[in-house]
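Q: Based on what follows, work out the 3D shape:
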Amino acid sequence: MPGGRLSQQERQQIASGLADGLAYAEIARRLDRPTSTITREVTRNGGPGGYRAELAHHATERRSHRRRPATARGADAPAQPAGRDAQAVREYEETLTGVFIQSGLAKMMSRVLACIFISDEGSLTAAELVQRLEVSPATVSKSIAFLESQDLVRRERDDRRRERYSVDNELWYQSTVASARANVRLAEIARQSGSVLGATSPAAVRLENVARFLDFVSEAIMRSAEQAREVLFTKPQDQDVI
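A: Alright, predicted model coming up:
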């Protein structure tokens with residue numbers, strides 16, 4: 001499998017694949033590259049709807065000139081458990097960050113969330129996040145405040161009275177339920193359009209259909225989340241019996 005930087009020709013093939021509606025995995029297969037490489041390339045350069053091969057190539061060239069020596073981050077990076085490839089871990093973290101960005105989170109919030117998720121403890125202190133992400137304490141604090149407001153992280157104190165920011169399975173469930181409830185609220189507002197715009201007006205009919213859709217989807221999400229809740233707490237050895 002080829003390594004190194006993507007060539008301009010490969011970037012043109014990526015752009016063509018996106019235009020044809022191909023999945024990242026299929027584009028990667030055609031280029032004989034890891035899927036994570038394609039995901040990271042597209043995410044960094046405008047996303048699937050804004051990716052341009054020429055612009056992406058020039059942007060990469062500019063980043064390579066500004067980049068610090070490759071060993072800079074590695075020197076401060078946490079030691080990996082035996083059997084883990086540090087480079088593969090970094091690439092996976094970038095891929096996970098890209099997925100969070102595509103889901104609507106800002107880049108810095110996505111980086112913080114991904115960093116916490118890939119830690120075996122599922123929690124990190126502010127100082128650990130600052131060191132791993134090489135950002136300022138204020139940047140971490142701002143990102144954590146937003147993630148906490150969205151029920152995506154939990155703030156705790158450890159036995160040394162340090163604040164720790166954690167993700168756990170219950171938070172994932174609560175976040176899913178909160179999202180469904182937000183859709184329920186949106187459906188309620190959409191349904192009020194009839195009394196304001198006239199029940200038979202095109203706008204009110206459109207919003208009523210939106211409300212019905214959101215009602216159905218929200219109910220299905222909440223029901224499925226409750227039914228699947230136990231999956232979040234399943235140990236690997238128990239998965240075959242679920």
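Q: any idea how far Leu214 is from Glu188?
A: Distance, Leu214 to Glu188, by C-beta to C-beta, to the nearest Å: 9 Å. (Glycine included, C-beta is placed from N, CA and C.)
Q: more crowded one of those two?
A: Leu214 (20 against 12; other C-beta atoms under 10 Å).
Q: Can you name the residues that contact the more buried one?
A: Asn183, Val184, Leu186, Ala187, Ala190 (C-beta atoms under 8 Å, 6 or more residues apart in numbering).
Q: Out of these, which end up buried?
A: Asn183, Val184, Ala187, Ala190 (16 or more other C-beta atoms under 10 Å).
Q: Those in helices, which ones?
A: The members of the buried ones among the contacts of Leu214 that map onto helices under DSSP state H are Asn183, Val184, Ala187, Ala190.
Q: With pLDDT and distance to Arg162 as added columns, please give those in TSV.
A: Formatted as TSV, those follow (pLDDT from 0 to 100; distance: C-beta to C-beta, whole Å):
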residue	pLDDT	distance to Arg162
Asn183	91	37
Val184	92	38
Ala187	94	42
Ala190	94	45
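Q: Out of those residues, which is nearest to Gln150?
A: Distance to Gln150, by C-beta to C-beta, is smallest for Asn183 among those, at 14.7 Å.
Q: so the residue nearest in space to the middle of the chain is in which element?
A: The residue lying closest to the centre of the chain (C-alpha atoms, centre = their mean) is Phe100, at 1.2 Å. According to DSSP states H and E, Phe100 maps onto helix 86-102.
Q: Find the residue ranges of this protein scoring beneath the pLDDT cut-off.
A: Confidence mapping of the chain against pLDDT under 70 gives the ranges 1-4, 62-82, 236-242.
Q: can you point me to the longest helix in this structure?
A: helix 202-228.
Q: If you count neighbours, what's buried in it?
A: For helix 202-228, a neighbour-count test (16+ other C-beta under 10 Å) marks Ala204, Leu207, Glu208, Val210, Ala211, Leu214, Asp215, Ser218, Ile221, Met222, Ala225 as buried.
Q: is it true that the fourth one touches Ala187?
A: Spelled out, that is Val210. Yes - counting by C-beta atoms under 8 Å, Val210 touches Ala187, with 7.4 Å between them.
Q: Now do the same contact list for Thr39.
A: Tyr24, Thr95, Gly98, Val99.
Q: Would you mind measuring from the closest residue to the last one other than its chain neighbours to Ala225?
A: If you skip the residues right next to it in sequence, Val99 has Thr39 as its closest partner in space, 7.6 Å away by C-beta to C-beta, 6 or more residues apart in numbering. With distances taken as C-beta to C-beta, Thr39 is found 27 Å from Ala225.
Q: just to revisit the earlier point, just the buried members of the contacts of Thr39?
A: Tyr24, Thr95, Gly98.
Q: Tell me the one among the residues you listed nearest to Ser136.
A: Gly98 (22.6 Å).
Q: Quick check: closest non-adjacent residue to the closest one.
A: Thr43 is the one closest to Gly98 (C-beta to C-beta, 6+ apart), at 3.5 Å.
Q: For that neighbour, give its distance to Leu96.
A: Thr43 is 11 Å from Leu96, by C-beta to C-beta.
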